[in-house]
Each structure stands twice: as structure tokens, then as C-alpha cells.
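Visitor: Pasting a predicted model and its sequence here:
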Protein chains: 4
Amino acid sequence: MTDAVRAALRAQRIEVPSWAYGNSGTRFKVFAQPGVPRTPQEKIADAAQVHKYTGVAPVVSLHIPWDKVDDYAALAKHAEDLGVRIGGINANVFQDDDYKLGSVTNPDPAVRRKALDHLLECVDIADLTGSRDIKLWFSDGTNYPGQDSIRARQDRLADALQAVYERLGDGQRILLEYKLFEPAFYTMDVPDWGTAYAHCLRLGPKAQVVIDTGHHAPGTNIEFIVAFLLREEKLGAFDFNSRFYADDDLMVGAADPFQLFRIMHEIVSAGALDASSGVNFMLDQCHNIEPKIPAQIRSVMNVQEATAKALLVDAAALDAAQLAGDVLGSNGVLMDAYNTDVRPLLADVRQEMGLDPDPMGAYARSGYFEKIAADRVGGQQAGWGA
Amino acid sequence: MTDAVRAALRAQRIEVPSWAYGNSGTRFKVFAQPGVPRTPQEKIADAAQVHKYTGVAPVVSLHIPWDKVDDYAALAKHAEDLGVRIGGINANVFQDDDYKLGSVTNPDPAVRRKALDHLLECVDIADLTGSRDIKLWFSDGTNYPGQDSIRARQDRLADALQAVYERLGDGQRILLEYKLFEPAFYTMDVPDWGTAYAHCLRLGPKAQVVIDTGHHAPGTNIEFIVAFLLREEKLGAFDFNSRFYADDDLMVGAADPFQLFRIMHEIVSAGALDASSGVNFMLDQCHNIEPKIPAQIRSVMNVQEATAKALLVDAAALDAAQLAGDVLGSNGVLMDAYNTDVRPLLADVRQEMGLDPDPMGAYARSGYFEKIAADRVGGQQAGWGA
Amino acid sequence: MTDAVRAALRAQRIEVPSWAYGNSGTRFKVFAQPGVPRTPQEKIADAAQVHKYTGVAPVVSLHIPWDKVDDYAALAKHAEDLGVRIGGINANVFQDDDYKLGSVTNPDPAVRRKALDHLLECVDIADLTGSRDIKLWFSDGTNYPGQDSIRARQDRLADALQAVYERLGDGQRILLEYKLFEPAFYTMDVPDWGTAYAHCLRLGPKAQVVIDTGHHAPGTNIEFIVAFLLREEKLGAFDFNSRFYADDDLMVGAADPFQLFRIMHEIVSAGALDASSGVNFMLDQCHNIEPKIPAQIRSVMNVQEATAKALLVDAAALDAAQLAGDVLGSNGVLMDAYNTDVRPLLADVRQEMGLDPDPMGAYARSGYFEKIAADRVGGQQAGWGA
Amino acid sequence: MTDAVRAALRAQRIEVPSWAYGNSGTRFKVFAQPGVPRTPQEKIADAAQVHKYTGVAPVVSLHIPWDKVDDYAALAKHAEDLGVRIGGINANVFQDDDYKLGSVTNPDPAVRRKALDHLLECVDIADLTGSRDIKLWFSDGTNYPGQDSIRARQDRLADALQAVYERLGDGQRILLEYKLFEPAFYTMDVPDWGTAYAHCLRLGPKAQVVIDTGHHAPGTNIEFIVAFLLREEKLGAFDFNSRFYADDDLMVGAADPFQLFRIMHEIVSAGALDASSGVNFMLDQCHNIEPKIPAQIRSVMNVQEATAKALLVDAAALDAAQLAGDVLGSNGVLMDAYNTDVRPLLADVRQEMGLDPDPMGAYARSGYFEKIAADRVGGQQAGWGA
């Protein structure tokens, strides 16, 4: 069993977002950090550091227009030179003054057209970068009861999704993300997995649901949604992060490591860890007060640890206890895996991969941070608005 | 406009549950009340009082096995004699010791078979009572991570639903209810509308979703679900009640009358108030400390008041303000209706219907309570377990 | 009774915040609006419009350093000329890069000193403006378990509060605000009313608690806290706003008008509506997508409507029903008041006060918005960061 | 360090409740289990099994009137013979029909008197059993807005608490428990720690707060409350259990083991693990579907594991990282302890104590369950209502 576990851990892939290396914050304040990248190229360079020390994060998502460049081939080449490649294309239709009342669901058809054009442009970019995934998250919604027609907005949303779907190339897909609230505070147009699922179902096989682990109501059992969407073959990807309250966007595994383990248990149980499953595992979080590259490294490690524990679950014993109706026994099988200290195993796997067993330490000792802090002076630091 | 509003209010129908007249409580204590019915016949008699004073509650749901009788034709005749009729059949597969680990999703196939047989028996009863609706709520779920396979339980659930679906007669339908938690505390097998919707979609047009207004995670926008399911033609019915915290089962409209209004606004906007829409409006609540018949009368009145306000929304003005992107204006149109005191209008409508304008007072003055308190002595009072 | 109600409504005072007229938003986007003020003087001019049309909002809170000026006497004179006056001083220790890990609870003593100096400066300003209230809200907290010592931060907080308390002049007081989360996501240093209460109790009679209606965990019964703090004589003020999810900062009464009514019912029941009670009623909300002045006018009206309903509660009947243990009767007394349409009463009261009965319409017709939109071109619009 | 950790683990004491061995359930169904005790004596015998295999659970709480006996000296002797002793006395004023509208806060003075008499009787019993702790949890509250006066109920509560306080003997104390909701659904009279704290403060040093880990609003940071009450010297005890949603009463550590660790970290950091701190650690949970004795054993082990991890936190390193403002470093120190597999350490400690290293296995092999299942036939099984 150990060999298979090690192999699975070596083969695991975690995508990192270009925007995690830029400044982020809350509505109250964005705290600037030294060394923060100013260009898409610098963001990719930082992302490459995460892969360099973990060995399992070779893919970087882009956010458009934040990462717009003139020459995507050159950007791809830049990534390749740094040992990584470009992943999903994330559309941004929430930062233009025109989108105050929505993008594709805006009551104004001109705004809807503008938003749709941006989505289609994202598919164009995906063609250029060779990306499979067009990730769509809409901040669209309303703040006040009566502000707009819930139903009309669904109709407008369905129209836009259909137009993007029709534009997809071979091997491309829509990943549709849902979120309970924020930035809209009465309705979101895609508030929950059911809404995303229903739209994806109507669109067809090239549309799947994204689960962002911070986008649920309190008390939501996320691993249930994981298991359900896997059964329906509609789980496309994760946006990993963690939260104590709302969409806190903390490092994945930081707030509730047991939840992350339970999610990975559903993934492993369903055979969905393998890349062939089509489930994409991505980080999407905000490092408001902690340094960004180490925070990404730690996050990747947290996912690895949860995965290792999930791989160590004794599936046969679990199955037997479940079928026997042995409540404490079956729970005990799961907890045995969770309570295992998998850090030595992961250190071993890293050494097998030619990596330092201690990614956090290795990065800290590398001098990279000191270098970028010194070099990246002047210019506009990247951030959510840049 | 007023005439149409009055006509709609006269035509409104609210189904009441037989079990609302029995004792109910929390896990801490069930407080007994004088005059509580001891038989299905007495429950129906109490339900008939609610209709007598409100004029819009002529249908009574049954709960099986709580309301099992030898002769359903006689029971239907009894109801008819009292001016009401029998409505939906609610299956109960949660009060047998065999169901400790689930009913149709139990890991033990013998228990699953027993549960399914009960569901099929409910269809038999529906045939006898002429009921359209077979309402399925499952307490099934797990309390501990690992206790059972989330996915296997979905497979078992789908099998049972399919078997019931195939058994349905012409004009019958499955109403599938979801609930976030309680009595299971880790997973529920149908925890949210998305799960219920997905199962109903696979089953076909004779399966629809029930929204119980107390069965959601904190912060869930229920009227969004209403609007969405109406758009998908998958909204079958409501179980009305209200809550401050969890599934408190308070009188509908008591905890958040504005929410009830918003729900009815979506109903009215979509033309779903009319019986022809197929949406069934039912009460399902627990009168733990308040007297039961007046609590039902008050609940019916609360639904009527929310409905009246929804009918008074100036749809043209709302539409215009929404399309103009006038946030405060459109919200203002909605609030104008909500802030209207509709009690005089409803008193008028009642008088047009030959009823006392004050249902609570009329019932109190009728002496019915004093009579049942005196008559119904001895025997086992009805309750959740009886 | 009506005369007393009218008198109470005429005497009601609602303080408005200077910052409500500036741009605000979420971490995703701040949408700019035309006509937004660029200076404290322009903010006060806008606030004066709210008073002009409602007659009950003659006081404007300042936020320091957002509203820093060289000459506070001149600012006070400017307000007076516009028919309003300066109210509470709100300290801001959350928008300086030094405060990334906290202000008065920061592990670094130099940062703590800087923050405390700012708080003391706010008392200086209060001396100059003649303000009674020094309102303290701390964004301080931690994002990750272990990040800092919960207890040490309480010690630091207590020290800072003590220093400010000792600096207070005669007739001044500390108003201490609490908040569950945001911008910190693991601990807030003053997360709930209990924490604020305990600190205020130790400080003495010149420290009281502020209830911001958007700062609680889901399900929190705010009116209970109101009643409890009034009984303890520790309720100092409200920051009114409303929310469906978290600290949404919507217009007060927009999300749950019944909750606002219940809060005002506790206020009225305890005789705390009168200015002599020392309870300050303030708005603190963000008009992200709606025009700011009308949103403030509507918010003042919402508070007035809830207050009018609370004043209409038949206290004797309520008391009698409560003591008789009449659950439905006592609830019915409360609901009778809530269900009353008080808009005609308030229109009358406004006319008695020499105001237009329709404040929203009167403002819209005044041409003020068109004027400021034309005049206030160029310069830096005010906002949370300006 | 290891020696101190081992010593602390050997010295740890966890109190178990007599009622955990009886049947429990939800309002939907109580599932009976074989071998469940029928008398207080049999409950104590079962509790003694938990101590026999864990070595750290020698104290059993009683619930009055559930555990009323004629001769408490004999009951204490019975416990002693089984190797355990009687701990806190838990008052029950929620299961009498008179308490429908409250016990000590009931609007009816006769009911209040009855409830108070019961509380005083509990002190009498504590005198007889030599118990230090009188634990008070009140189900009192209201279901509907307006049902009763929030403030009047606080006055009544304060009166009752004062009367009990005055009756306390030397060395006795009141432990006051709070709960957000259930069984009351609008207000609870002691809904949160702030309310309990304020009452205890007024009473004096012999009144302290109990934290039941399942009694909070979603998102509440329990370890903050722990740290705060320890700083105020007002933390008296824990009722341990765990929850995903509301007061689920699952086995402690089952739903969120990381949270339990964080709580124990605050305890250990403040030196409150030691018995001399006066903090009592008790289990209070419902084993609805799992066998009761093994569930208690597992729960004790879960507390031990969280404690062991908390004891392993490198306090000096944590302190240094916190003071340096090293967010990732300080979090990393805490996580290092949490990620350690402490099961081998605890197995060792058990062997040092002369116990089987595997308590679950040892109990299962003992044949005790088979014996009680065979012996305890006939009679009324103990449960919440018995």
C-alpha cells in the first residue's frame, strides 16, 4: 500500500493562482508587502518558487484582465523557462464601474454585451495559452429585496453561459463557481452548488461546477457536495482556501484541517485524485498579513498532508465496518488515518523527488525573498485592483 | 386591481397537517395540552375548525402510520362531513427501532426493503384517499464522519425513489423534501434543494421538490430557491413554518414576516399562487407551548397577510424601476406593499365569504376548546410518537 | 396616547455618519458615484440635507483621521450654519500599514504607543468639537490560530482603554464597539458584547457598549442584548445598519424590519428612547450601489417607522397577557403594533414639524443632487481610504 | 519536557455524566439500546467502566431528579466500591408540565417557587454527596416575540440565583451554563457567556461560568471565551461534546478535533489543566446511535489526545514567534504540536498507569457489554425522561 500512496503523492498536482502573489486585503485596508510582483511575469516567477520547493504545483492560473499581456506565447514561454505552465483562465467581470448592478445579469443589455464580450475574450486567451479551463465566477447579484427580478437574472445568466459554451473549443470547458454572498448581500445569481449544477446540466458535458471551500453557508457539509457532484460527474475543480466565518480566504487547511481531510477522503474514495478524473485542484486565497510565497508553500503542504491521510484510510476495513453498521468502528477507521502524522512520509516522498524534505525551510534559506524585496522597488504592485 | 386581489385571496388554499393538533415538543420535554385529539378522526375535526374560521384551509394532510385507519373511505367521509377533505400522504420512516442507521439508505438491505414497503403502502393509501401527493422526507443520514458511505447512500436512495416513482398512479406525484440537519448531525442524505432537485430531475415530471422553510442553513435565501425551482418547474410544495435558529417549527411568519412576504412575492410574480400551478401550500409546524387550533388559525392568517401584501405589489412600477437600475426605487415599490396594513382588506374578504372578520376571536368565542377539553379525557393523546 | 407618540417621534434624534456620503464598497470593488463629497465640509453639507428633509437627524459623527481639519471651531460653525452639529468622534486605527498585526493590541509596543496616541488625539478633538462620545472600534485580531496570545492582547487592550478613560473630560465617555469578525478572521479582540461589557465594567461609568446591528454571529438575538445592557446601564449607543449574511452594512431595516421593530420595542419599553437615557442612535452603513443621501433619508425613515410601531404597542395589554402566560395573546399584542401602517402618522408628524410629508420625494425634487453632481468635479472623492 | 507532559496526562481528570449511559435521542425518536441501565446504581457501574479502562475518569455527575435516591450515602459508597466517586449535582427544572413557560423565570410566582425549591434541594443533595458543584442550566426562555418581558425574566432569574447562592455551603459553588437556543426558540434567558458572566459577577466568587461546547452561535470562537473567562477567573467548568450544526451532542472531538485542541491549548497556556485551577472538565453528550460505554471511552481518549497535543506545544518558541510578529512561524509552532501523533505517547502513559494501552479494545474484550445486555432485561431503561 505504501508504494501506491507514495506514487499518488508524487503524482498529485495543485494549481496556484497568479493573484496570490499580489497584495490583497479586506475592504478596510490592503497592507502592502515588500517584494510583491508588479507584472504577470513576476507573478509567474513567484509561483515557480512554490513548485520549486514542493514539486507538485507546476501550473499557474491567470486572471483576466489582471494578467493581460500582449504576447501570450511569450508569457507561456516565460513560464516554461521557469519550470511551470499556464493553467486555467479566470474571467473578471466585477471591477469595472459598468458592473455596479451586475455583469451578464445586469438589467442593461449594453452592459451584458460588454461582459459577455469579456468572457469570450477569455476563451480567445485560453486558445492562445492552450488552457483547458475557463473559470467563471460572477459577483452578480442584488443588495436589496426588489432591486431586480431573480428570475430575469437567471434568464440573462443562462443566455450568457450558453454563448460562452458555444464558443468553447475542443477540450475546453466552463468551470462555473458559486458563492453564497459577497459582494452582493441579498441575492447572488449563483449562490449555491444546486444553481451551478442546474446551469451546467443544461449546458452539457463541457460545463462543470467549481467548489470554492469558502463559499458556503455556515454548517454546509462540503464533502457531501463533493461526493454528490462526483457521482453526477459534474465536479470540475476546487478553489481551495479556508475560513472560520465567511469567505475569509485563509490558507487551506488552516481553519479546519479535519474538514480538508474529509474532502480529500471523498476524492480518494471516488478515484478522483488522479488527473484523469478531470478534477482540478487549485488554491484561491488571500494572504493579507502573511508573506505570500511561504503561505502558498504551506498551503500546498496542507493539501498534501490531508491527501496523504486520505490515502492511508484502510478502505476495506472502512467498508466492512460501514456495512456492519458499526458506528464507532467505522468512524475509528477514518480517525486512525487522520490521527497519523504524515509529515515523515511526505518528507520521504520529497526526497525521492529530489527535493528538500522541508519546503518552508528551504525557501527561507534560498534568499529569494531578500532578492525580490530588493529588486522590486518602484512600479505598481500587483493586487486585486491592478 | 382590488377585485383581482380579493378574488385571489378568496381562492387561496392552505393545507393543514393532521399532526399539528397533537402534542409536540423538543427532545427535552413534550408538554401535554388539554383537549388534544386521540384519533385521526379527532385531528380532522380540529382541522375542520381552522377551515371553519378562515375559509381557506379545506385540506388535511395525513401522516402514516400516525393516521393509519382500517377504513380510509370512512375517514374521507368523516372529513367531508366536517367540510374538509384529505390531502397529501406523508410517509414516516423514522420512528421504528430498525431505522436507527437509516431507512431507505440503511446499510442493511432488509431494513431498506421494510422502509420501501412502507413507502409503497403510502401510495396504496393515497389511492384509497384519492390523494395526489406522496410526500417523502427522510431522516436518513449519519452522525459521524466515516459512519457510512455518502455515495452508497445516494445509490440506495435513488433506488428507493425509483421504485416509488414507478408505483405512482396517474395524477400522483412524489414530493421530495430536503433538510440540512436533525435528526442526523453529520450528513443528511437529502440535505439541500440541489440534492432533492437532482433526484427529482432523474425521476421525471412526477417528482418535485418540497421547500420546508425551516430546513436551511443560516443565511440561505429561500425566495431565491423558490424562484429558481419555479423557473425549472420543479417546485411542488411548501411546508410552512418559521425559525430563528434551526428547524424551530414556529408559526409561519412569526420569526420573519418580511421573509414570508418575499417568498409570496416570488410566488405571485411567477403566477404560482393559483392551484393550477401545482404548488401546494402546507403548514408543518409544532405548537409546543401555544394552543394548537388557534395557532393554526393564526398561521393561516399570517400566510394570508403575506399573500395579500404580495398581491398588492405594483408589478408594473417594480418592473420599470428594476429595468431602470433604480435600486432605491425598486426596493421602495416592494416595501410600499409590505408596509401596507392588509388586515382591513382581509377582514372584508372574510365577510364577503360569509365568515367572521376576526377568525381568532370567533374561534375563542365558539366554545369549541372548552368542549374538547372536557370531552377528550382518557385515551392516549396524539403526538409525534403516537 | 397618540399625542405622546407624536411627541416622542418629534423628539427622536438619529445621528448620521460623515462617512456615509463618501464612496464605499467591498474588497472586490468600490464603485464611484457622481457628486460624492471631497472634504469634511462637503460631507457635512450632505448630512444637513438628511436633516433638512427628516427633521430628526441634526447630528453628524466624525471619523478621524478621515475628517481631520485644521480648525474644528470653523468646522463646527460650518455645521451650525447648515443647521446641524458635530456629534461623536470615531477613532480609526486600522488604516495605517503599521496596524497590520493590530493597533492597541499589536505585539510591538511602538505600534501600540502610536495607536494610543491617536486615540488620545481623538479626545483632544472631542474637546475642540464639544463631543461627548469617543467611539472606539478596533479591527484588531488575528487570522491564524497561534498567531498571537489571546490573553496578552486582552491585557494590552485593557491598558489602552484605561489610558483613554483617564484622559476623558467631564461629560465625555468611551463607547466601545464589538464585532464578531472582519477584518480579522480567527479572533477579534472585542468579538462580542460580553467582552465589551466586561472591559467597560472595569473602566467605570464613563464607558459603555455600542451595538452595531451587523456585528453578530448568525442567530444572535440582538434585542436580548439591548434589554440586558439597558438593565445593566451599559448600553451607550447603536450603530444601525442591516444585514442578511455578515456585516453587510445595508440600510437599517432593509433586511429584517421586524428585528428593527423588536429592538425599538425594547428601547421604548425601557424608556430609553429619550435623549436623557444617554443611548445614542446612529447610522453606520455603506451605500455601495445606491445614491448616498436618499439612502440616508430612507434609513432615517426606517428607524422612524420602527419607532412609531414600537410606540404603538399597547403596553398594558402586553403586560397583562404576559403575566397571564397567554402566548398567542401577548405575541398578538406585539404583532398588532407591527402590522400597523405608520406611514400616515409619520407624514402627519412631519407636517406638524413644518416638513414635507414625503422626505424622499422632497429631496428628489430639490435639485440638490443635480447640483453636487455638477459642482463636485475634480479632487479626490471621499471614501473609506480617503 | 516529556516527563512533565506524562505527569500532566496522568493527573488529568475528566468527569462523566450519569445520564450518558441512558437512552437519548432527538425529538423524532429515541432508539433503545440493549444493556442500558435502569437505576442510578447501574449508571454508576457503567461509568466505573470508563474509569477502569482510561484511568482518568473517576468522577460521576448526577442529574436530579433523574438520579434521586433515598440514601445518598449508600450511593456514594456504591460508587466508591466501584472505584469512582460522585461529582457535581445537575439541577433539572425542565421536565415538569409546570415549566412549560419557564422555571425560575416563569411569569407565575408559584412555579418560580417550585423551581427554586428544587434548586435548593439540589444543594441539600450536594451536602449529602459532598459535591462541590451545583450546575444550573435553565431551559427557560420564550418562543415568540412579545411572549414575555425579557427584562422581567432577568430580574426573576437574578432573584433565584441569589437565593441559591446564599444557600451554598463552604466550598460549594454555582456553575451557571448558557445556551443559545433549544428548547426555547426566540429567547433563552441565559443565551451566551456574557449573560452568564454578568450574573456570576454580581453573585460573587462562588459563581462561575460553564462552557458547553455545543451551545454557541455558528462561528463563535470558543477558545476566545475560554481565554477571556480564565483571565477574569470566572471559568468554572466545561461540558464537552461536539457539533456540526447546533447542540448536536456528538462525542467531543468528533466534529472538529482542531477546535478541541485549540481549547486545550488555552487551558494549558493559562495553567488551568491542573485540578487546583478549579476548572472542571466534564463530558455532556448524547449517544443516540452508538453504544454508550465505548462512546464515553472514546470521548475521554479524544480529550486526552487534544490535551497531549496542547502539552506538546513549544511555548517558548510560540511566544518568541508571536512577539516577533511572525504569522506563519507562530501558526507553524502550534500546528507542529497538533500534527503530532500522540497515540503512542498516551499508550505509554496508560501502561505506566497499569492500564491496557488500548482502552477501546480492552473494554470490548472484557465481556461487560454482553453481561449487561443479558442481565438488564425488564424494568424501565434510564433516559432523559426517566
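Guide: Okay, I see it. Numbers count the residues shown, from 1 in each chain, chains lettered A, B, ... in the order given.
Visitor: Which single residue in the stretch 251-386 of chain A comes nearest to chain B?
Guide: A:Leu334 (3.1 Å; C-beta to the nearest C-beta). For the C-beta atoms, the positions are set from N, CA and C on the backbone; glycine is no exception.
Visitor: mind checking the SS state of that residue?
Guide: With DSSP: H, G, I helix; E, B strand; the rest coil as the basis, A:Leu334 sits in helix.
Visitor: Does the closest residue to it other than its chain neighbours fall in a helix, a strand, or a coil region?
Guide: With C-beta to C-beta, 6 or more residues apart in numbering or on different chains as the criterion, A:Leu334 has its nearest non-adjacent residue at 3.1 Å, and that residue is B:Gly146. Three-state assignment for B:Gly146 (three-state DSSP): coil.
Visitor: Quick one: neighbours of B:Gly146, just the number.
Guide: B:Gly146 is flanked by 25 other residues according to other C-beta atoms under 10 Å in any protein chain shown.
Visitor: I figured it hits A:Val327, correct?
Guide: No. Assessed by C-beta atoms under 8 Å, B:Gly146 is found out of contact with A:Val327, at 9.2 Å.
Visitor: contacting residues around whichever residue of the stretch 151-300 of chain A sits closest to chain D?
Guide: Residue nearest to chain D within the stretch 151-300 of chain A (C-beta to the nearest C-beta): A:Pro218, separated by 3.8 Å. Shown in contact with A:Pro218 (C-beta atoms under 8 Å, 6 or more residues apart in numbering or on different chains): B:217-219, C:218, D:218-219.
Visitor: one more time with 6 Å, if that's ok
Guide: Taking C-beta atoms under 6 Å, 6 or more residues apart in numbering or on different chains, we find A:Pro218 in contact with B:218, C:218, D:218.
Visitor: Same question for A:Thr187.
Guide: A:Thr187 neighbours (C-beta under 6 Å, 6+ apart): A:141-142, A:150, B:221, B:224.
Visitor: Apply 10 Å and report the result again.
Guide: A:Thr187 makes contacts with A:105, A:140-145, A:147-148, A:150, A:153, A:181, B:221, B:223-224, B:227, C:244, as judged by C-beta atoms under 10 Å, 6 or more residues apart in numbering or on different chains.
Visitor: what are the ranges of the helices in chain A?
Guide: For chain A, the helices defined by DSSP state H cover A:2-11, A:40-54, A:72-81, A:109-129, A:150-167, A:193-203, A:222-231, A:257-269, A:292-312, A:315-323, A:327-338, A:343-352, A:359-366, A:368-375.
Visitor: Using TSV, lay out these together with mean neighbour count and mean pLDDT.
Guide: Output for the helices of chain A, formatted as TSV (neighbours: other C-beta atoms under 10 Å in any protein chain shown; pLDDT from 0 to 100):
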stretch	mean neighbour count	mean pLDDT
helix A:2-11	14	96
helix A:40-54	24	98
helix A:72-81	16	97
helix A:109-129	18	98
helix A:150-167	19	98
helix A:193-203	23	98
helix A:222-231	23	98
helix A:257-269	24	98
helix A:292-312	24	98
helix A:315-323	17	98
helix A:327-338	22	98
helix A:343-352	17	98
helix A:359-366	17	98
helix A:368-375	14	98
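Visitor: Any chance of CSV for those, columns distance to D:Gly204?
Guide: Compiled in CSV, those are given as follows (distance: least, C-beta to C-beta, whole Å):
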stretch, distance to D:Gly204
helix A:2-11, 58
helix A:40-54, 57
helix A:72-81, 68
helix A:109-129, 64
helix A:150-167, 56
helix A:193-203, 52
helix A:222-231, 46
helix A:257-269, 40
helix A:292-312, 47
helix A:315-323, 51
helix A:327-338, 43
helix A:343-352, 49
helix A:359-366, 50
helix A:368-375, 55
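Visitor: Contact residues of the stretch 101-250 of chain A facing chain D?
Guide: A:217-221, A:243-246, A:250 (C-beta under 10 Å from any C-beta of the partner chain).
Visitor: hmm, back to that, what's the separation between the residue nearest to A:Leu334 and chain D?
Guide: The gap separating B:Gly146 from chain D is 10 Å, by C-beta to the nearest C-beta, to the nearest Å.
Visitor: Also A:Arg112?
Guide: 36 Å.
Visitor: List the contacts of that residue.
Guide: Contacts of A:Arg112 (C-beta under 10 Å, 6+ apart): A:102-106, A:156-157, A:159-160.
Visitor: now do A:Cys122
Guide: Taking C-beta under 10 Å, 6+ apart as the test, what A:Cys122 contacts is A:62-65, A:88-93, A:131, A:134-136, A:164, A:167.
Visitor: how about the CA coordinates for stretch A:68-80, as CSV?
Guide: In CSV, the C-alpha atoms belonging to stretch A:68-80 read as follows (Å, rounded to 0.1, in the frame of the first residue of the first chain):
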residue,chain,number,x,y,z
LYS,A,68,-3.4,40.6,-19.7
VAL,A,69,-0.3,40.7,-21.9
ASP,A,70,0.3,41.5,-25.5
ASP,A,71,2.0,38.2,-26.2
TYR,A,72,0.6,35.1,-24.5
ALA,A,73,3.0,32.8,-26.3
ALA,A,74,5.9,34.7,-24.8
LEU,A,75,4.2,34.5,-21.4
ALA,A,76,3.8,30.8,-21.8
LYS,A,77,7.5,30.5,-22.8
HIS,A,78,8.4,32.6,-19.7
ALA,A,79,6.5,30.1,-17.5
GLU,A,80,8.1,27.2,-19.2
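Visitor: From the structure, what's the count of residues near A:Phe31?
Guide: 17.
Visitor: The residue nearest to it when sequence neighbours are not counted: neighbouring residues, count only.
Guide: Nearest residue to A:Phe31, sequence neighbours excluded (C-beta to C-beta, 6+ apart): C:Lys100, at 4.5 Å. Using other C-beta under 10 Å, C:Lys100 has 20 other residues around it.
Visitor: C:Lys100 against C:Pro107, yeah?
Guide: No. The criterion here is C-beta atoms under 10 Å, and C:Lys100 misses it with C:Pro107 at 11.1 Å.
Visitor: what residues are up against A:Met335?
Guide: A:258, A:261, A:313, A:328, B:144-146, D:253-254, D:257, D:298, D:302, D:305.
Visitor: Ok, A:Tyr197 next?
Guide: With C-beta under 10 Å, 6+ apart, A:Tyr197 has these contacts: A:176, A:178, A:207-209, A:225, A:228-229, A:232, A:234-235, B:194-195, B:197-198, B:201.
Visitor: So A:Asp108 sits against B:Ala324, correct?
Guide: Yes. Counting by C-beta under 10 Å, A:Asp108 sits close enough to B:Ala324 to count as a contact (9.3 Å).
Visitor: surely A:Phe281 meets A:Leu260?
Guide: No. Judged on C-beta under 10 Å, A:Phe281 makes no contact with A:Leu260 at a distance of 11.3 Å.
Visitor: got any residues that touch both of those two?
Guide: A:240, A:252, A:303, A:307.
Visitor: where does the stretch 101-250 of chain A come near chain C, residue by residue?
Guide: So far as C-beta under 10 Å from any C-beta goes, the stretch 101-250 of chain A lies against chain C at A:101-102, A:139, A:142-145, A:147, A:180-188, A:217-219, A:242-250.
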